[in-house]
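Undergrad: Build me a structure from this.
(chains A and B)
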There are 2 protein chains.
Amino acid sequence: MCNACLIENVRKSAMSRRGFFARSAAAGVAAVAAGAMAAKPALAQSTGKVVDLTWTLTPEFPTFDGMPGIEFAPDKDYAADGYKIWKVSFFEHSGTHIDAPAHFAEGTNTVDMLPPESLMCPLCVIDLKAKAAEDPNAMVEPEDIEAWVSANGEIPEGACVAMNSGWGAKMGDPSFRNDGAGNFAFPGFAKAATDMLLEMGVASIGVDTLSLDPGNSADFAVHYSWLPAGRYGIENLANLDAVPAAGATLFVGAPKHGGGTGGPARVMAVV
Amino acid sequence: MCNACLIENVRKSAMSRRGFFARSAAAGVAAVAAGAMAAKPALAQSTGKVVDLTWTLTPEFPTFDGMPGIEFAPDKDYAADGYKIWKVSFFEHSGTHIDAPAHFAEGTNTVDMLPPESLMCPLCVIDLKAKAAEDPNAMVEPEDIEAWVSANGEIPEGACVAMNSGWGAKMGDPSFRNDGAGNFAFPGFAKAATDMLLEMGVASIGVDTLSLDPGNSADFAVHYSWLPAGRYGIENLANLDAVPAAGATLFVGAPKHGGGTGGPARVMAVV
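TA: Numbering: from 1, shown residues only, chains lettered A, B, ... in the order given. Okay, the predicted model is just below:
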C-alpha cells in the first residue's frame, strides 16, 4: 500500500475513533481513558528478549529544576540490625518516571488509578535523532507520525508512542538539559502531534528527555492537553536504540502510591 | 507420568543444576544469580489479560514494624504552580515490595542490579489456603512444592514461586499481621522449601503476607539463606486468586534507585 493510502487509512480510522471519543466524552475523562486503553499486549511473536528502558535513579540524576530528585537516609544497617533498609525520599517527577493525568489536571486519574491494561501495551518508537541533531528543541510533528505509519503500519489503539531523540547518549553531560548558553534545550512532542495521537486512541507517550514538551516550550502545551485528556506520559526513557520501531511490547511498572501524580517507574520492553 | 516419576525428574533436573551452581559458585554470588535467571517469558500462549498483583500504598498500609511505611509532603500544587507534585518518603520494605539480596547480605545485588531477565518470568502459585486456615503461621514445605509439581509439571528455571495463603482477604484487618493475642502471625516459606527452590534454579519467591518467613519465625531463616544466595523476594502480593497455578507470566516492576535494598514495586501478570 502506498504511503498516501496508509495515511488516509489512519485518518479514516481516527475519524471513526473520534466518534467513539465524542460519545465517551459525555461520561467524562475516565471513560475516554478507559476506551483508549483496551489494547491487548501483542506478545505472540515475542522472542522473549527483555530490554530495560529505565535509568538508575541517584541524587546526581538530572532533574527539571536542577535539584536532587532523590535522597537516601539510613534506617537499618547490617552491623546494628542484621539487615539493611534505606528511607528513600523523592520528588515524584524524578528519574525514568510517569506523568499521571493528575499531574496537570485536578480530579483526573492519579498514578495508582491508571488502568493496568494501559501498562502493558504495544510500543511504537519514532526516531527523531536526525532532526534533534540539527535542533536541540526539535519536536515530534504530525509528519513524523505519518512517516512512522508509512513505514510500519497503523499505530495500535492503546499503544505507547515514544520519541527516540538520541538524548540518552548525553546522559551525565550538561547538554542533556541545557544549550551552551544555559537555556533549557531538549526535544519533545508538538501539541499538533499529540492531538493526532489522542484521536488515534494512543494510551501514553514517552520521551528520552526531561519533559514531554521540548526544552524551549513557553506554555507546556502537551502537558496541558495530553494529561487532562486522561492519558499518561513517561519521561527520561533509556535504551530506546535497543528496541525496534514497531513490534515490541512495553511493560510500564508505574508506582502505585495512593493519590500520586506520577513517580519513578520500572519500564521494560519484550522484543 | 505418575507423581513419583515427576518428582524424580525434578530431583534429577535439580541434581544437574546443582552441578551448574557448584561451578558458578567459584565466580561468586552474581554469577549464580545470573545462572538462575535465564528463563524466557512464556508468553506465546497468553490471552493478554493483565492482572494487577499490587496493593495501593498508603500510610495506612500494614507494615512489619507497625509504623507508616510511606509519607506524603506537598511540593507543588495546582493553584500556586499550575500543576501538582508530591514529595514522597518511604521505608524501602513497604507495600507490595522487593527484597533484594542486599537487604540481608552486604556486598550482594542491590535492587537496581537485579537482572532485567529475572523480572519477567513464569509464575508458579502454590495454594496454601487450606493449611493457613488451620494455622496462621503455616509454611510452604517441600511437600507443597512436590504437590505443585505433581499437578502442574516441573517448575521452570528462572521462575517466581508465589505462596497464596489467602491472607489478601484479611487486608485492612488486624489479623493480617497478628493473632488474637497480639503476636505476629501470618504464613510464609519454610527454609527446607526455599533450599529446594534454590536447587531448582528459581529466581524469586513471593508471598501475600508481610514476610518471606512466617510470622512466628525466630531466626528469619529464609531471609538469611535465600537472599544471600543472590535471589530476590516479593512481599505483600495482591490478587493471587486471579492468576492460575501455572502458565501466567510475571512482570516485576522493581524500583531502580541506586544501591537500594528493595522497595515498592509494580507487579502484574499476563494470563
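Undergrad: Start from the N-terminal end of the stretch 101-250 of chain A and give the helices.
TA: With DSSP state H, counting those that start in this stretch, the ranges of helices along the stretch 101-250 of chain A come out as A:129-134, A:142-152, A:191-200, A:223-226.
Undergrad: how far is the last one from where the chain is centred?
TA: When you say that, I think you mean helix A:223-226. Relative to the chain's own centre, helix A:223-226 is displaced by 13 Å; criterion: CA atoms, centre = their mean, to the nearest Å.
Undergrad: what is the rounded mean pLDDT of that helix?
TA: The pLDDT scores in helix A:223-226 average 98.
Undergrad: can you list contacts of it?
TA: Counting by CB atoms under 8 Å, 6 or more residues apart in numbering or on different chains, the neighbours of helix A:223-226 from elsewhere in the structure are A:99, A:103-104, A:189, A:191, A:194-195, A:198, A:205, A:211-213, A:233, B:83. Heads up, the C-betas are built off the backbone N, CA and C, glycines and all.
Undergrad: Mind doing that once more with 6 Å?
TA: Outside helix A:223-226, the residues within contact range by CB atoms under 6 Å, 6 or more residues apart in numbering or on different chains are A:104, A:191, A:194, A:212-213.
Undergrad: Quick check, pLDDT for the residue lying closest to A:Met171 once chain neighbours are set aside.
TA: Taking CB to CB, 6 or more residues apart in numbering or on different chains as the measure, A:Met171 lies nearest to A:Trp55, with 7.0 Å between them; neighbours along the chain are not counted. Residue-level confidence at A:Trp55 comes out at 98, pLDDT.
Undergrad: try A:Gly48
TA: 76.
Undergrad: Can you say which helix or strand has it in it?
TA: With elements delineated by DSSP states H and E, A:Gly48 resides in a region that no helix or strand encompasses.
Undergrad: Kindly report the same for the one 3 residues further on.
TA: Taking DSSP H and E as the definition, one finds A:Val51 inside strand A:50-52.
Undergrad: Could you give the bridge partners of the residue positioned nearest the centre of chain A?
TA: Nearest to the geometric centre of chain A sits A:Gly206, at 2.1 Å (CA atoms, centre = their mean). The residues listed as beta-bridge partners of A:Gly206 by DSSP bridges are A:Ala162, A:Ile234.
Undergrad: where along the stretch 151-271 of chain A do the strands fall?
TA: Listed in chain order, the strands of the stretch 151-271 of chain A (DSSP state E, counting those that start in this stretch) span residues A:160-164, A:188-189, A:204-207, A:232-235, A:248-253, A:262-264, A:266-270.
Undergrad: Turn those into a markdown table, including mean pLDDT.
TA: Supplementary listing: the strands of the stretch 151-271 of chain A in a markdown table, determined by pLDDT from 0 to 100:
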| stretch | mean pLDDT |
| --- | --- |
| strand A:160-164 | 99 |
| strand A:188-189 | 98 |
| strand A:204-207 | 98 |
| strand A:232-235 | 98 |
| strand A:248-253 | 97 |
| strand A:262-264 | 98 |
| strand A:266-270 | 97 |
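Undergrad: So A:Leu227 sits against A:Phe104, correct?
TA: Yes - using CB atoms under 6 Å, A:Leu227 is in contact with A:Phe104, at 4.3 Å.
Undergrad: more neighbours, those two?
TA: The residue with the greater number of neighbours, taking A:Leu227 and A:Phe104 and applying other CB atoms under 10 Å in any protein chain shown, is A:Leu227; the counts read 26 against 23.
Undergrad: where does the stretch 101-250 of chain A come near chain B, residue by residue?
TA: If contacts are counted using CB under 6 Å from any CB of the partner chain, the residues of the stretch 101-250 of chain A sitting beside chain B are A:103-104, A:106, A:112, A:116-117, A:120.
Undergrad: Could you rerun that using 7 Å?
TA: A:102-104, A:106, A:112, A:116-117, A:119-120 (CB under 7 Å from any CB of the partner chain).
Undergrad: related to what we said a few turns ago, now do the strand holding A:Val51: which elements does it pack against?
TA: In terms of contact count using 3 or more CB pairs under 7 Å, 6 or more residues apart in numbering or on different chains; DSSP states H and E, strand A:50-52 is assigned the packing partners strand A:266-270.
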